[in-house]
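*Asks:* A predicted structure for the sequence below; I have some questions about it.
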Amino acid sequence: MQRRELGWDDTWEETWADACRPGLVPARVTRIDKGGLSVDGADVSFGRQLIVAGKKARDAVVGDWCGLDPDTARIELRLPRRSVLERRSPGADRDDLALSAKAVAANLDHLLVLQPLDVGVNPARLVRELVIAWESGAQPAVVLTKSDQVDASALAEARAAAGAAAPGVDVVAVSNLTGHGLHELRPLLRPGITVALLGASGAGKSSLVNALAGRRVALTGNVRESDLRGRHTTVTGQLLALRDGGLLIDTPGIRGVGLWRAWDGLAMAFSDVESVADTCRFEDCAHTGEAGCSVVDAIEADRLELYRSLSAELTRLDEQLEIRTRDVQRETNQRSRRKAQRRRPPT
C-alpha cells in the first residue's frame, strides 16, 4: 500500500522531517510475530522477510510509524505516537519490576469497545474499557455485538444500559450474521482512518473484522458453553485494509483490563461525575456523603461506586509506582556508593 492509504498525512510529513535520519524511509508496522515485524508503505519489498527492530524501536507495536533502513531491513527509530492503546501488564505488583504498561496498538483515530449481547452488557467492564479508550487519545464508540441473539425489548434495555455507562459516546448495535447495524460504523471507516477494537474474548471481534473487511481475514471460534468465554482466535496484532479504504487494527482479546496511569481517561469516562463535582461545597470532597456534596445526590449509587473503585485503583497504582521508584533509586545510589568505595585508594 502507498503511505497515504496507510494514514500518512502532512502532519506526519512534518514529524518525519524533524526526526528522520539520512538513509531511512518511513513505514508503518502492520503485524508483529515472534520472529519480527512486518511493515508497509516503504516503497520497498522484502518478500516474506521479517523486519528487525533496532534498539530505539524495540517497543514498536502495530500502527506505529517508524524509520526503516531498507538496506538492512531494520527499524532504527519510532515516530512519536498520536495515540496509543495500552493497559497494565498482567500479573504485576509493587515488588515486580514488570510493573509497567503494555502497549497494544498505536496511532488510532477511533476505538470500538465491544460488548456481546448474548451475555448482556457488563457495565463494570464497559466503563473500565472506556477509561482505557479515552486515555488512549482515540475517540471511543460502543458496539453491541450479536444483536440477532436478543429480541427488541432486550436490545432496547442493552442500549439504555450502555448509554448510561458511556455518556456522550455513540452506541451502535450490530449483527455480524445478518449485517444489521454495520452501516452505522461506515462513517468511522473513511480512507486513511485507523480504527481498533477492544473487547473480551468471545465478544465477536474476529467476526466483526471479517464483516467490516468484506472478506475472511480473521479466524473465528465458538464460545465455551461451560463459562461463556471465547477462545483466543486472534493471537497477534495486525493492521488490515478495509474495502471502503479505512484501516483496522485487530488485536487479541483480553480477559483482564488493567488500568495504567489513566486519570485523564477516568475524568472523560465519568464526565457526568466530574461536571457535578465542580459544584460540591469542598474542593477535596470524596463524594462519600460529605455535607454539601452534589455528586451523591445527582449520580446513581452504582455508577458512583464504579467511579470510586476505579479512582482507588489508580491511586494504589500511583502509590506502587512511587514505592518502586524509591526502591530503584535506593538501589542505584547503593551501587554508586559501592563503586566509589572500590575506587577509593587504600589508606
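*Replies:* Sure, I can see it.
*Asks:* pLDDT (mean, whole number) over stretch 159-176?
*Replies:* For stretch 159-176, mean pLDDT rounds to 94.
*Asks:* how far is that stretch from where the chain is centred?
*Replies:* Between the centre of stretch 159-176 and the centre of its chain there are 18 Å (CA atoms, centre = their mean, to the nearest Å).
*Asks:* measure it end to end?
*Replies:* Stretch 159-176 has an end-to-end distance of 17 Å (CA to CA, to the nearest Å).
*Asks:* in that stretch, what counts as buried?
*Replies:* For stretch 159-176, burial by neighbour count (16 or more other CB atoms under 10 Å) applies to 159, 161-162, 164-166, 169-176. (Each C-beta comes from the backbone N, C-alpha and C, glycine too.)
*Asks:* what does it rub up against?
*Replies:* 113, 115, 117, 121, 123, 126-127, 130, 140-148, 155, 158, 180-182, 184-185, 204, 207-208, 210-211, 269, 271-272, 300, 303 (CB atoms under 8 Å, 6 or more residues apart in numbering).
*Asks:* what ranges do the strands span in the chain?
*Replies:* 25-33, 36-40, 52-53, 65-69, 74-78, 84-88, 101-106, 110-116, 139-145, 171-173, 194-198, 238-241, 247-250 (DSSP state E).
*Asks:* distance to Gly7 for the ones you listed - can I get that in TSV?
*Replies:* Formatted as TSV, those follow (distance: least, CB to CB, whole Å):
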stretch	distance to Gly7
strand 25-33	7
strand 36-40	11
strand 52-53	20
strand 65-69	8
strand 74-78	15
strand 84-88	15
strand 101-106	11
strand 110-116	12
strand 139-145	15
strand 171-173	23
strand 194-198	5
strand 238-241	9
strand 247-250	6
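*Asks:* can you say which of those is nearest to Gln2?
*Replies:* Shortest distance between Gln2 and these, using CB to CB, is found for strand 36-40: 9.1 Å.
*Asks:* dump the closest one to PDB, restricted to CA.
*Replies:* Output in PDB follows, covering the C-alpha atoms of strand 36-40 (Å, rounded to 0.1, in the frame of the first residue of the first chain):
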ATOM      1  CA  GLY A  36       9.900  -9.900  13.900                       C
ATOM      2  CA  LEU A  37       7.700  -7.200  12.400                       C
ATOM      3  CA  SER A  38       6.000  -6.700   9.000                       C
ATOM      4  CA  VAL A  39       5.800  -3.200   7.600                       C
ATOM      5  CA  ASP A  40       4.200  -1.500   4.600                       C
END
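*Asks:* now do that strand: distance to the chain's middle.
*Replies:* On CA atoms, centre = their mean, the centre of strand 36-40 falls 20 Å from that of its chain.
*Asks:* same thing with stretch 241-261?
*Replies:* 7 Å.
*Asks:* how far does it stretch from start to finish?
*Replies:* 31 Å.
*Asks:* could you report the neighbour count for the closest residue to Glu135 other than its chain neighbours?
*Replies:* Using CB to CB, 6 or more residues apart in numbering and skipping residues adjacent in sequence, the residue nearest Glu135 is Gly265, 2.9 Å away. For Gly265, the count of nearby residues is 23 (other CB atoms under 10 Å).
*Asks:* next: Glu319.
*Replies:* Neighbour tally, Glu319, other CB under 10 Å: 11.
*Asks:* related to what we said a few turns ago, now the buried members of the contacts of stretch 159-176.
*Replies:* Here, 16+ other CB under 10 Å leaves 113, 115, 117, 121, 123, 126-127, 130, 140-148, 155, 158, 181-182, 185, 204, 207-208, 210-211, 269, 272, 303 buried among the contacts of stretch 159-176.
*Asks:* rewinding a little: hmm, the residue nearest to Glu135 is touching Glu129, no?
*Replies:* No. Gly265 lies out of contact with Glu129 (CB atoms under 8 Å); the separation is 10.1 Å.
*Asks:* what average pLDDT does stretch 55-65 get?
*Replies:* Across stretch 55-65, pLDDT averages out at 88.
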